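[1] Show me the folded form of this:
(3 chains)
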Amino acid sequence: MGDARAPSLTLLLGGARSGKSRHAETLIEQLAPPWRYIATAEPFDDEMRARIAHHIDRRGAGWRTLEAPIDLPGALAGQPEGEPVLVDCLTVWLTNVMLSGADVATATRGLIAVLQAPRGPWFVVANEVGLGIVPDNALARRFRDEAGRLNQAVAAIAGRVLFLAAGLPLQLKG
Amino acid sequence: MGDARAPSLTLLLGGARSGKSRHAETLIEQLAPPWRYIATAEPFDDEMRARIAHHIDRRGAGWRTLEAPIDLPGALAGQPEGEPVLVDCLTVWLTNVMLSGADVATATRGLIAVLQAPRGPWFVVANEVGLGIVPDNALARRFRDEAGRLNQAVAAIAGRVLFLAAGLPLQLKG
Amino acid sequence: MGDARAPSLTLLLGGARSGKSRHAETLIEQLAPPWRYIATAEPFDDEMRARIAHHIDRRGAGWRTLEAPIDLPGALAGQPEGEPVLVDCLTVWLTNVMLSGADVATATRGLIAVLQAPRGPWFVVANEVGLGIVPDNALARRFRDEAGRLNQAVAAIAGRVLFLAAGLPLQLKG
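    Numbers count the residues shown, from 1 in each chain, chains lettered A, B, ... in the order given. You can find the predicted model right below:
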């Protein structure tokens, strides 16, 4: 695949059920397998377990799944050269980091440092969460701010940024 | 109008007060009347009555209004060949279906089957609701997921998809 | 700068932490200083004070700041001819107007009248708040409607409209 597997970073942004994960899978499956899937969600309740099962069912052979709810930078740093990787998703990782009590700024810097030098064609999914009414509680407002800042930081270093709505991609960059 | 009234499906997506209904009206009024308006909202309280009255006031002669809060597939199947139709909106229809206790998957399949074979130039309005913070309650999360899935399914079969923001259309497809 | 400082109106729309203020600052700093910054936020609590301080820190020399939480039309009407002005933001101004008990329709008409005849290159930032789940309470729903209507009215008279996501601009008009 030569050039197709050269290091590059693609960010796929969108709302809930906007088709961003599926679109990322479609893009990555155009490259040669194996495809690495780094899941950040933890199956801590039935609803989450059902969502994760739904995602795993959709992906078929050729995929290798790895969980990294908190140490996403470490998981990315350990990926082999030239391999396509899908991270799904940054926003859940940020939630996990905030809930763990870790310092968000430090964690984000660590992630950005790794994403700045992708070792293969990397695809990163993130939620846009700032387009509704201002949330009532301060924690939700802080989360919204942090998620927006993280999205901006990743978009700034990505070679390509897509915004998904109703399963359709809109190219914002690249 | 010949070709202008040929079967086709246009999806107009957008947030609350994004101008999607008005833009749909503008597009349909470029075709020859009569124009059929299928309303899915039910006037169950004063706020809703005021919203509906506001919409009806805006539309003038040439429009024929029909209410279909639940049986939207049936209402669409009964439309005459070659007539322009505006459905406003899918998201309220989905709410009605969920509140009625009907099976969402079955209802959605029925709707998609009808939309796949439009009998004239059909325009369908839907809300994008997934770009805010994750809702606190499980029902709202489920609604958000169902609305997103419905939008994806309709976008996949539409010939044209527009995203509206501040009254301005952005072409996502077509 | 000649033409670069001719009267014109640019609207920058986006969600929370979408980079819209920063992008507006980048655009205006391409013109000759001084640059006028009209802030609509009032520092009524610590969280708001921190946000305002963060914004002021980011802007450097060359900026002149003015507060106009309610009388934004008056503040704009008093701006000198040919001077670049940034209004940040319309949505907070709308909140202030609603909380003050003033008539929203009257206030909005007054603002639109001034924005229709910009005296220099004016840049106006506003939040898109209608892309989440319908809010539980009636006041939030009304705010969401009013904010959407205001955005449509400003977009209709602006020469250029940008939608920001993750710091990246998408041109909707102009």
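
[2] drop to CA atoms for contacts and neighbour counts, all remaining ones
    Will do.

[3] Okay, and the beta partners of residue A:126?
    Residue A:126 forms beta bridges with residue A:13, as assigned by DSSP bridges.

[4] Would you mind putting the CA coordinates of the helix ranked longest in chain A into PDB?
    What stands out as the longest helix in chain A, according to DSSP state H, is helix A:138-157. The C-alpha coordinates for helix A:138-157 follow below in PDB (Å, rounded to 0.1, in the frame of the first residue of the first chain):
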ATOM      1  CA  ALA A 138     -20.600  23.500  36.500                       C
ATOM      2  CA  LEU A 139     -18.900  20.100  35.900                       C
ATOM      3  CA  ALA A 140     -20.800  19.700  32.600                       C
ATOM      4  CA  ARG A 141     -19.700  23.200  31.600                       C
ATOM      5  CA  ARG A 142     -16.100  22.400  32.400                       C
ATOM      6  CA  PHE A 143     -16.200  19.200  30.500                       C
ATOM      7  CA  ARG A 144     -17.700  21.000  27.500                       C
ATOM      8  CA  ASP A 145     -14.900  23.500  27.700                       C
ATOM      9  CA  GLU A 146     -12.200  20.900  28.000                       C
ATOM     10  CA  ALA A 147     -13.700  18.800  25.200                       C
ATOM     11  CA  GLY A 148     -13.700  21.800  22.900                       C
ATOM     12  CA  ARG A 149     -10.100  22.700  23.700                       C
ATOM     13  CA  LEU A 150      -9.000  19.100  23.100                       C
ATOM     14  CA  ASN A 151     -10.800  19.100  19.700                       C
ATOM     15  CA  GLN A 152      -9.100  22.400  18.700                       C
ATOM     16  CA  ALA A 153      -5.700  21.100  19.700                       C
ATOM     17  CA  VAL A 154      -6.100  17.900  17.800                       C
ATOM     18  CA  ALA A 155      -7.600  19.600  14.700                       C
ATOM     19  CA  ALA A 156      -4.600  22.000  14.700                       C
ATOM     20  CA  ILE A 157      -2.100  19.100  14.300                       C
END
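
[5] wait, does that helix contact chain C?
    Yes - using C-alpha under 8 Å from any C-alpha of the partner chain, we find that helix A:138-157 touches chain C at A:144-145, A:148-149, A:151-153, A:155-156.

[6] Would you mind giving the residues you listed as JSON lines with neighbour count and pLDDT added?
    Formatted as JSON lines, the residues of helix A:138-157 next to chain C follow (neighbours: other C-alpha atoms under 10 Å in any protein chain shown; pLDDT from 0 to 100):
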{"residue": "A:144", "neighbour count": "24", "pLDDT": "96"}
{"residue": "A:145", "neighbour count": "17", "pLDDT": "96"}
{"residue": "A:148", "neighbour count": "25", "pLDDT": "97"}
{"residue": "A:149", "neighbour count": "19", "pLDDT": "97"}
{"residue": "A:151", "neighbour count": "26", "pLDDT": "98"}
{"residue": "A:152", "neighbour count": "19", "pLDDT": "98"}
{"residue": "A:153", "neighbour count": "16", "pLDDT": "98"}
{"residue": "A:155", "neighbour count": "24", "pLDDT": "98"}
{"residue": "A:156", "neighbour count": "17", "pLDDT": "98"}
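
[7] Considering only these, which also neighbour chain B?
    residue A:144.

[8] And the residues of helix A:138-157 next to chain C, which is closest to chain B?
    residue A:144 (7.1 Å; C-alpha to the nearest C-alpha).

[9] wait, doesn't the closest one sit right on residue C:16?
    Yes - here residue A:144 reaches residue C:16: they are 7.3 Å apart, a contact under C-alpha atoms under 8 Å.

[10] anything in contact with each of these two?
    residue A:130 (C-alpha atoms under 8 Å, 6 or more residues apart in numbering or on different chains).

[11] for chain C, what are the nearby residues on chain A?
    A:130-134, A:144-145, A:148-149, A:151-153, A:155-156, A:172-173.

[12] before we move on, the earlier item: residues contacting the longest helix of chain A, please?
    When contacts are defined by C-alpha under 8 Å, 6+ apart, helix A:138-157 is touched by residues A:9, A:11, A:91, A:94-95, A:108, A:112, A:115-116, A:126, A:128-130, A:134-135, A:161, B:133, C:16-19, C:165-168.

[13] Name the next helix or strand downstream of it, please.
    strand A:160-165 (DSSP states H and E).

[14] Would you map the helices across chain A?
    With DSSP H, the ranges of helices along chain A come out as A:20-28, A:46-58, A:72-77, A:90-100, A:104-115, A:138-157.

[15] Relative to residue C:19, how far out is the residue sitting furthest away from the middle of chain A?
    What lies farthest from the middle of chain A is residue A:136; by C-alpha atoms, centre = their mean that is 26.6 Å. Residue A:136 sits 22 Å away from residue C:19, taking C-alpha to C-alpha, to the nearest Å as the criterion.

[16] Tell me the gap between the longest helix of chain A and the middle of its chain.
    13 Å (C-alpha atoms, centre = their mean, to the nearest Å).

[17] ok and that helix relative to helix A:104-115, angle-wise?
    Helix A:138-157 runs at 20 degrees relative to helix A:104-115, counting by axes from the mean of the first three to the mean of the last three C-alpha atoms, to 10 degrees.

[18] Next, the buried residues of stretch A:22-31.
    For stretch A:22-31, a neighbour-count test (16 or more other C-alpha atoms under 10 Å in any protein chain shown) marks A:23-25, A:28, A:31 as buried.

[19] Quick one: residues in contact with that stretch.
    Here stretch A:22-31 makes contact (C-alpha under 8 Å, 6+ apart) with A:1, A:4-5, A:12, A:35, A:84-86, A:123-125, A:167, A:169.

[20] Filter these down to the buried ones.
    Counted by 16+ other C-alpha under 10 Å, the contacts of stretch A:22-31 give A:5, A:12, A:35, A:84-86, A:123-125, A:167, A:169 as buried.
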